[in-house]
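A.B. asks: output the structure for:
(2 chains)
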Amino acid sequence: MRHLLSTADLDSAAAVHILDTAAQMAATQSREIKKLPTLRGRTVVNLFFEDSTRTRISFETAAKRLSADVINFSAKGSSVSKGESLKDTALTLQAMGADAVVVRHQSSGAPHTLAHSGWVDGAVINAGDGTHQHPTQALLDAFTIRRHVAMAGAAGAGAIGQLDPTGRDLAGLKIAIVGDVLHSRVARSNVLLLRTLGADVTLVAPPTLVPVGVEAWPCRVSYHLDEVLRDQQPDAIMMLRVQRERMSAGGAGGGAFFPNPLEYTRGFGLDARRLALLPEHAIVMHPGPMNRGLEISADAADSPRAVIVEQVANGVAVRMAVLYLLLAGDSAGSASTAGSASTAGSAGPRTADERTAIA
Amino acid sequence: MTGSTRYVLRGVAPLGGEPTDLLLADGRIAAIGIEAVTDALAEALTWDVAVPLVEIDGAGLVALPGLVDLHTHLREPGREDAETIESGTRAAAMGGFTSVHAMANTTPVADTAGVVEQVWRLGRDAGWVDVHPVGAVSVGLAGEHLAELGAMAASAAQVRVFSDDGMCVTDPVLMRRALEYVKAFDGVIAQHSQETRLTAGAQMHEGIVSAELGLTGWPAVAEEAIIARDVLLAEHVGSRLHVCHLSTAGSVDLIRWAKSRGIDVTAEVTPHHLALTDDLVRGYDPIFKVNPPLRTAADVEAVRQGLADGTIDIVGTDHAPHSREDKDCEWAAAANGMTGLETALSIVQQTMVDTGRMTWADVARVMSSAPATIGRITGGDRPQGRPLAVGEPANVTLVDPAARWTVIPEQQATASANSPFRGRELPGRVVATFLRGRATVLDGRAVPLRSADGAGAAVPASSARGL
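C.D. replies: Just a heads-up that it's a prediction; the model follows:
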């Protein structure tokens, strides 16, 4: 793996390997001293053409926990709006010696262009591009699902999160992704990754928010949330954020994707009633930031089943894993996972051994 | 015209038929047939030995009438960094063309007699092909007020084709008025069919690939809805409509239906829509960004079928050069368009001739006579799109269908390198192009206009008098 651009590039083994590595990273994060020296002397640039404080902070935290130098480069409004071009920005970063570029861009495919243009030598990590992909979000979602639900069958009710899920995929799990699929890079990344990991994915949305061409996706599509909850009994439900501007898209009349927020909430919002339709062990997810009262009610967002805050924490571990695997090299492949995570946390291991230990 | 070089084309196959000899002299096709050429030369020797005579071994070459492109963007005035009339028309000659229609979306827009005459004049000065400016339908391509269509028609440029190409004439009332107005001078409205509301922010064909790539879709219906409206408008007011670069299976069906009703509509397809599909967008390389977008394999099959059965009348290149910075960027920031003048004939050979769907005579129809007829340039003092016949202007293209060549955009005559066929091996190479008897291309190389050679000047066409 040289770049992480799309979850389409990950096969099951690679995805499980990232999740296992993330689990080891997560284990180090419960220690008093969370910092690992693994990426000391390496430079990670967070190149954000679009505002996203959460994702940027998550990547920044991940890189810093691995002792990398972090440069935050905010280029909002650049490029398409006649500012400095993506190319010149990339060449600038290249000249500064970036080992990895974490890029968030409003244009679908911009990270792909960056990775294949020859403008930068470093690894490119897609931190969200337009309405295309957000692979680390999908990985952290898969990580969260695996931790909570994948072991539920094996362990029986009540043992969620207690067993070691290392090496497991998500085979047989049913996952519903609800909301604005059309504009969601989170949905696109998750559909591909969760399917690769063996899960059975159902998208639920009003027809206006499902893309033409969805029939080629490896998932089912439903326009009826209640039916999906009742009939499929999903193990996890992922609520997508509804952008306010979708309600009046195009500015002029007729461009809105649904009549009004109330109707959307009635049809596709997760409230206490719908929460009760879910099976006991099911978890409630949201990539954030939430529109409380629109796609998710406070009852659902604050319920014990909601793992939304944990998703944020897992995001750091997953991004540590991705940075580690891309930058610290992983030529040994999954064999290196044999190293025990429990040995990884001592305050100042030397670099050579450190790699083996972490991985 | 004495002093202009005469050419004997030995053993060429007119329209791919039986090989024979052609004599080009005094700007005309002077003789066709081995004996006729021998006789003509013998006769000529008695009265003029001073005129240079060049023999071309044409064995294996197909002779076509000089190609006519109804849809070229020459970019001048305004974007001379991407193309000039000189470079663009030289590229046209290299591609076997003897005439191009220059689209109106320049800066300033070709919406006045002054601008169209400027383009026309620069084309004459360059001398590679005949340049026929297309006039804008609306002032500034803004789609609000009719441009001075009458003034452009009456100008030296004699504009007959009007188009806001790049923009759709969206307002149905404006479209109706334009269709009606140009009847006075036998003009035609060439529509860029794109419903703007359905294509706000559109980046590529809407379908399976756009869903996967997260690029805003350009649905087929946005093209088809406008075509449906326009053919009905054309029927209602009894006007001529030309549909530019149609790209979808549904559009072919609509044109077929319109023609069956007797509506005076013609349709055009680009080489790239005959050859390429939206799968190519998967790499996010903006070289494949074009408007209308590359469609599906089913659409490609439909437009090939439509071209073969005559539903689609012509191939128009939509040659759209862009500077490097307009393509060397992320997809959304890139400009729409591809170059095409120097690959058009090869693509038509590959997709239509080599597949057995069309003959070379069909190629001559869709790339020469039909576009010239739509553009109303088959008459006048510089007729184009004429048959290969004795007495006709010597606008001749020689192509070697057996040749294979690899596209290297930087080596093309066009000033821009945005060819979607980079690195592809294509069949068919233009060996020579003659514009009224002057070789603009010989042995695959451009031949600059020499001041001593007056062959670029006008030749009245006797055959045109009957039109």
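A.B. asks: for stretch B:116-129, buried residues please.
C.D. replies: Neighbour-count burial for stretch B:116-129 flags B:Val116, B:Glu117, B:Gln118, B:Val119, B:Trp120, B:Leu122, B:Gly123, B:Arg124, B:Ala126, B:Gly127, B:Trp128, B:Val129 (criterion: 16 or more other CB atoms under 10 Å in any protein chain shown). Every C-beta, even on glycine, is put in place using the N, C-alpha and C of the backbone.
A.B. asks: residues in contact with B:Val431?
C.D. replies: Contacts for B:Val431 (CB atoms under 8 Å, 6 or more residues apart in numbering or on different chains) come out as B:Leu61, B:Leu398, B:Val399, B:Asp400, B:Ala403, B:Val441, B:Leu442, B:Asp443, B:Gly444.
A.B. asks: wait, B:Ala275
C.D. replies: Contacts for B:Ala275 were tallied using CB under 8 Å, 6+ apart; they are B:Val300, B:Ile347, B:Gln350, B:Thr351, B:Phe421.
A.B. asks: relative to B:Leu435, how far out is the residue nearest to the last one when sequence neighbours are not counted?
C.D. replies: For B:Phe421, the nearest residue in space outside its immediate sequence neighbours is B:Val407; the separation is 4.4 Å by CB to CB, 6 or more residues apart in numbering or on different chains. In this structure, B:Val407 and B:Leu435 are 24 Å apart, going by CB to CB, to the nearest Å.
A.B. asks: neighbour count: those two, which is higher?
C.D. replies: B:Leu435 (28 against 18; other CB atoms under 10 Å in any protein chain shown).
A.B. asks: contacts only, for that one.
C.D. replies: Counting by CB under 8 Å, 6+ apart, B:Leu435 makes contact with B:Gly66, B:Ala93, B:Thr98, B:Gly127, B:Trp128, B:Val129, B:Asp130, B:Asn395, B:Ala455, B:Gly456.
A.B. asks: which residues touch the first one?
C.D. replies: Taking CB under 8 Å, 6+ apart, we find B:Gly66 in contact with B:Gly96, B:Phe97, B:Thr98, B:Ser99, B:Ser368, B:Gln384, B:Asn395, B:Val396, B:Thr397, B:Thr433, B:Phe434, B:Leu435.
A.B. asks: where does the stretch 251-400 of chain B dip in pLDDT?
C.D. replies: Counting by pLDDT under 70, the stretch 251-400 of chain B shows no low-confidence range.
A.B. asks: which residue is the nearest non-sequential neighbour of the residue in it positioned nearest to chain A?
C.D. replies: Of the residues in the stretch 251-400 of chain B, the one nearest chain A is B:Tyr284, at a distance of 3.3 Å by CB to the nearest CB. Excluding its sequence neighbours, the residue lying closest to B:Tyr284 (CB to CB, 6+ apart) is A:Gly109, at 3.3 Å.
A.B. asks: quick check: phi and psi at the one you found.
C.D. replies: Here is the backbone geometry of A:Gly109 (degrees, to the nearest 10): phi 90, psi -10.
A.B. asks: so for stretch B:273-287, what gets flagged as buried?
C.D. replies: Neighbour-count burial for stretch B:273-287, counted by 16+ other CB under 10 Å, picks out B:His273, B:Leu274, B:Ala275, B:Leu276, B:Thr277, B:Asp278, B:Val281, B:Tyr284, B:Asp285, B:Pro286, B:Ile287.
A.B. asks: re earlier: roughly how far apart are the residue of the stretch 251-400 of chain B closest to chain A and A:Leu240?
C.D. replies: Distance of B:Tyr284 to A:Leu240, given as CB to CB: 24 Å.
A.B. asks: so who does B:Val363 touch?
C.D. replies: Neighbour list for B:Val363: B:Leu64, B:Leu345, B:Val348, B:Gln349, B:Met352, B:Val353 [criterion: CB under 8 Å, 6+ apart].
A.B. asks: is the third one in a helix, a strand, or coil?
C.D. replies: When you say that, I think you mean B:Val348. The three-state assignment at B:Val348 reads helix, by DSSP: H, G, I helix; E, B strand; the rest coil.
A.B. asks: distance to A:His132 and secondary structure added to the buried residues of stretch B:273-287, as a markdown table?
C.D. replies: As requested, the buried residues of stretch B:273-287 are exported to a markdown table (distance: CB to CB, whole Å; DSSP: H, G, I helix; E, B strand; the rest coil):
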| residue | distance to A:His132 | secondary structure |
| --- | --- | --- |
| B:His273 | 25 | helix |
| B:Leu274 | 29 | helix |
| B:Ala275 | 26 | helix |
| B:Leu276 | 22 | coil |
| B:Thr277 | 20 | strand |
| B:Asp278 | 15 | helix |
| B:Val281 | 12 | helix |
| B:Tyr284 | 9 | coil |
| B:Asp285 | 15 | coil |
| B:Pro286 | 15 | helix |
| B:Ile287 | 19 | helix |
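A.B. asks: list just the nearest of those residues to A:Ala236.
C.D. replies: Distance to A:Ala236, by CB to CB, is smallest for B:Tyr284 among the buried residues of stretch B:273-287, at 31.1 Å.
A.B. asks: pretty sure the closest one sits against A:His105.
C.D. replies: No - shown here, B:Tyr284 and A:His105 do not form a contact pair, counting by CB atoms under 8 Å, at 11.3 Å.
A.B. asks: shared neighbours of the two, which are they?
C.D. replies: Shared between the contact lists of B:Tyr284 and A:His105 (criterion: CB under 8 Å, 6+ apart) are residues B:Glu330.
A.B. asks: what is the burial count for A:Ala115?
C.D. replies: As a burial measure, A:Ala115 scores 23 neighbours (other CB under 10 Å).
A.B. asks: ok, and the closest non-adjacent residue to it?
C.D. replies: Distances taken as CB to CB, 6+ apart put A:Val124 closest to A:Ala115, at 4.0 Å, once the chain neighbours are dropped.
A.B. asks: contacts only, for the nearest residue to B:Ala417 once chain neighbours are set aside.
C.D. replies: Spatial nearest neighbour of B:Ala417, chain neighbours left out: B:Pro409 (3.8 Å); criterion: CB to CB, 6+ apart. Residues near B:Pro409 by CB under 8 Å, 6+ apart: B:Thr339, B:Ser416, B:Ala417, B:Asn418, B:Ser419, B:Arg422.
A.B. asks: counting neighbours, which of the residues you listed comes out on top?
C.D. replies: Comparing these by number of neighbours (other CB under 10 Å), B:Thr339 comes first, having 32 neighbours.
A.B. asks: quick check: that one touching B:Asp318?
C.D. replies: No - in this structure B:Thr339 lies outside contact range of B:Asp318 using CB under 8 Å: 9.6 Å.
A.B. asks: other SSEs contacting whichever helix in chain B runs longest?
C.D. replies: If you go by DSSP state H, chain B has its longest helix at helix B:220-237. For helix B:220-237, the packing partners by 3 or more CB pairs under 8 Å, 6 or more residues apart in numbering or on different chains; DSSP states H and E come out as helix B:172-181, strand B:188-191, strand B:241-243, helix B:249-260, strand B:265-269.
A.B. asks: figure out which of these is closest to B:Gln203.
C.D. replies: With CB to CB as the measure, helix B:249-260 is the member of the helices and strands packed on helix B:220-237 nearest B:Gln203 (19.8 Å).
A.B. asks: contacting residues for A:Met285?
C.D. replies: When contacts are counted by CB under 8 Å, 6+ apart, A:Met285 touches A:Asp141, A:Thr144, A:Ile145, A:Ala236, A:Ile237, A:Met238, A:Met239, A:Ala306, A:Val307, A:Ile308, A:Gln311.
A.B. asks: between the residues you listed, which is nearest B:Ser247?
C.D. replies: B:Ser247 has its nearest neighbour among the contacts of A:Met285 in A:Met238, at 37.1 Å by CB to CB.
A.B. asks: quick check: which element contains that closest one?
C.D. replies: Taking DSSP states H and E as the criterion, A:Met238 maps to strand A:236-239.
A.B. asks: which residue ranges form the helices in the chain?
C.D. replies: Using chain A. Listed in chain order, the helices found in chain A under DSSP H are A:12-28, A:53-65, A:86-96, A:110-116, A:135-145, A:152-155, A:185-196, A:225-227, A:261-268, A:272-277, A:298-301, A:308-327, A:351-358.
A.B. asks: my question was about chain B
C.D. replies: Per DSSP H, chain B carries helices over the ranges B:34-47, B:85-94, B:113-126, B:149-154, B:172-181, B:208-213, B:220-237, B:249-260, B:271-275, B:297-308, B:344-348, B:360-364, B:370-374.
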